[in-house]
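**Q** I would like the atomic coordinates for the input below:
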Amino acid sequence: MSYKSIYTMSASALSTAIRTKKLSPVEVTDAFLSRIDEQNEHYFGFVLVTPERARKDAKKAEKEIMAGEWRGPLHGLPYGAKDIIETAGIRTTNGAKVCENNVPVRDAHCISSLTNAGAILLGKTNTHQWAAASTTINQHFGTSKNPWDPSRTVGGSSGGSAAAIASGMCPLALGTDTGGSIRTPAALCGIVGLKPTHGRISLRGICPNAPTFDHPGPMSSEVADAALMLQVLAGYDPLESHSSNRPVPDYLATIDKGVNGATIIISPDFNQNKEIDNDISKAFERVIATLIDLGAKVETRHFPDPERFHTLFRQIAGPEFSEVHRPLYERDPNSFEADVLHRIEWSLKIKTDDYVRALRARSLLIREVEEFFAGADAMISPSIPFTAPPIKTLSIDINGKPYNFLDQLHRPFLSCHNVTGCPALVMPMGLNASGMPMSVQISAGRWREDNVLRIGQALETSQDRLFAPDLTH
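**A** Next up, the predicted model:
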């Protein structure tokens with residue numbers, strides 16, 4: 001099979017080919033390493049590539065599979081890992097110059113899970129400094145670029161992972177999401193990104209951002225690929241305080257069951273009724289029509305006082321972020337890039353009393369959202385109300401009106417699900433008139449990743465309806 005045939009295959013297709021011995025892990029790994037050699041200089045998905053380790057692990061996987069010791073669907077599949085996730089013996093910079101020589105002695109829990117499943121690490125993907133903002137413009141290591149148009153941003157902070165998948169440099173990647181850091185780059189780069197329920201995947205060995213909002217999760221080109229990865233990553237870790245000891249369902253057992261009879265909510269209140277660009281609104285209308293054609297019931301529900309999501313996010317994420325970085329800030333404030341320094345300084349102004357009150361209010365809000373989801377399978381919304389802006393200006397356009405990407409107009413669409421801890425998946429829903437990806441978000445009640453994956457799969461298999469003929473890439 002040709003090198004191009006391999007790097008354009010989904011992770012699920014590669015898994016089947018490896019299991020049936022039509023492809024070897026060595027062939028697959030070599031194909032992606034070659035693709036990285038060709039493309040990384042253009043898009044900068046990987047900040048560090050580990051070819052020697054990858055080839056060694058691929059040979060081991062091949063030997064095991066040939067001996068009948070197949071470990072499961074990820075055996076022999078390559079992946080990239082965001083560079084805030086610890087990897088034993090491999091540099092982990094956290095996107096910060098002060099960590100450029102940091103070499104962990106042990107793997108993060110999620111890396112160990114993937115290694116035990118036989119997955120093959122290709123290297124570390126680029127991130128914003130301390131994974132603290134939404135551009136993946138890293139002044140020390142470099143800027144990741146959007147494969148749909150390299151003059152445009154990938155978003156962040158898991159931007160390197162998104163660039164790597166969208167450019168065919170890896171079939172799977174790990175990202176993290178505190179306020180949208182998986183879903184923003186996935187949406188802007190036209191791939192799939194899943195933020196699971198808070199506590200579904202262990203945070204141990206991942207540089208903290210705001211621990212009660214932090215979520216590791218899979219990034220991929222197709223919905224089923226995210227399910228494959230989640231199946232391995234999900235589970236209880238008794239050594240991590242946020243990890244929840246709950247049963248992990250078989251996500252692939254239900255992913256193809258469709259949406260006939262499902263109840264799906266629309267609630268612009270969750271997004272604080274923010275304006276959405278017309279191209280994205282039209283694409284979202286096609287999503288709604290597709291779900292109805294597939295047998296789903298789509299209904300609108302009101303949610304009161306959605307400004308609470310924004311208020312609680314700042315009051316909780318701020319103190320948690322500043323607590324993590326206070327020692328370095330007090331010792332060397334100039335080590336922080338300007339946007340990260342600004343985040344620390346406004347975070348430090350939040351009073352402890354306000355943080356404690358916000359934690360109490362958040363607990364009640366989570367209960368309220370659970371009631372909101374009662375009787376429904378999921379909720380859908382646009383992922384982001386605009387498409388990727390130019391790196392040079394970061395100027396976004398919504399219906400002909402200019403805004404600054406750094407004003408975080410996308411945040412209301414995303415961070416509400418970090419506040420509640422509910423699972424949320426973003427996936428492509430076509431291209432706008434300029435040929436840039438648009439994205440839909442599917443969320444559900446806590447622990448219902450099976451629902452968002454099933455609905456996402458139904459939409460993906462009907463994607464000819466989502467990609468209008470004049471917008472097809």
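
**Q** what about the strands in the stretch 1-150 of the chain?
**A** Listed in chain order, the strands found in the stretch 1-150 of the chain under DSSP state E, counting those that start in this stretch are 46-49, 78-82, 120-125, 137-138, 142-143, 145-146, 149-153.

**Q** want to try JSON lines for those strands, with distance to residue 323 as columns?
**A** (C-beta placed from N, C-alpha, C; glycine too.) Converted to JSON lines, the strands of the stretch 1-150 of the chain look like this (distance: least, Cβ to Cβ, whole Å):
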{"stretch": "strand 46-49", "distance to residue 323": "26"}
{"stretch": "strand 78-82", "distance to residue 323": "21"}
{"stretch": "strand 120-125", "distance to residue 323": "25"}
{"stretch": "strand 137-138", "distance to residue 323": "23"}
{"stretch": "strand 142-143", "distance to residue 323": "29"}
{"stretch": "strand 145-146", "distance to residue 323": "33"}
{"stretch": "strand 149-153", "distance to residue 323": "29"}
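
**Q** which of those sits most buried?
**A** Burial of the strands of the stretch 1-150 of the chain is given as mean neighbour count (mean count of other Cβ atoms under 10 Å); strand 78-82 ranks first at a mean of 30.

**Q** Describe which strands it pairs with in its sheet and in which direction.
**A** strand 120-125 (parallel), strand 172-177 (parallel) (DSSP bridges).

**Q** Would you convert these into TSV that also reports distance to residue 451 and mean pLDDT?
**A** TSV is the format used below for the strands paired with strand 78-82 (distance: least, Cβ to Cβ, whole Å; pLDDT from 0 to 100):
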stretch	distance to residue 451	mean pLDDT
strand 120-125	28	98
strand 172-177	18	98
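
**Q** got a markdown table for those strands, with distance to residue 247 too?
**A** A markdown table is the format used below for these (distance: least, Cβ to Cβ, whole Å):
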| stretch | distance to residue 247 |
| --- | --- |
| strand 120-125 | 28 |
| strand 172-177 | 23 |
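
**Q** re earlier: can you say which of the strands of the stretch 1-150 of the chain is nearest to residue 248?
**A** strand 78-82 (19.4 Å; Cβ to Cβ).

**Q** Spatially central residue for the protein, please.
**A** residue 182 (2.4 Å; Cα atoms, centre = their mean).

**Q** Surely it is in contact with residue 192?
**A** No. Using Cβ atoms under 8 Å, residue 182 is not in contact with residue 192, being 9.8 Å away.

**Q** shared neighbours of those two, which are they?
**A** Shared contacts of residue 182 and residue 192, defined by Cβ atoms under 8 Å, 6 or more residues apart in numbering, comprise 219, 426.

**Q** Show me how far the longest helix belonging to the chain is from its chain's centre.
**A** The longest helix of the chain (DSSP state H) is helix 307-331. The gap between where helix 307-331 is centred and where its chain is centred comes out at 21 Å by Cα atoms, centre = their mean, to the nearest Å.

**Q** Can you name the residues in contact with the helix or strand that it is followed by?
**A** Per DSSP states H and E, the first helix or strand lying C-terminal to helix 307-331 is helix 338-348. Helix 338-348 has contacts (Cβ under 8 Å, 6+ apart) with 128-130, 132-133, 135, 317-319, 321-322, 325-326, 329, 333, 336, 406.
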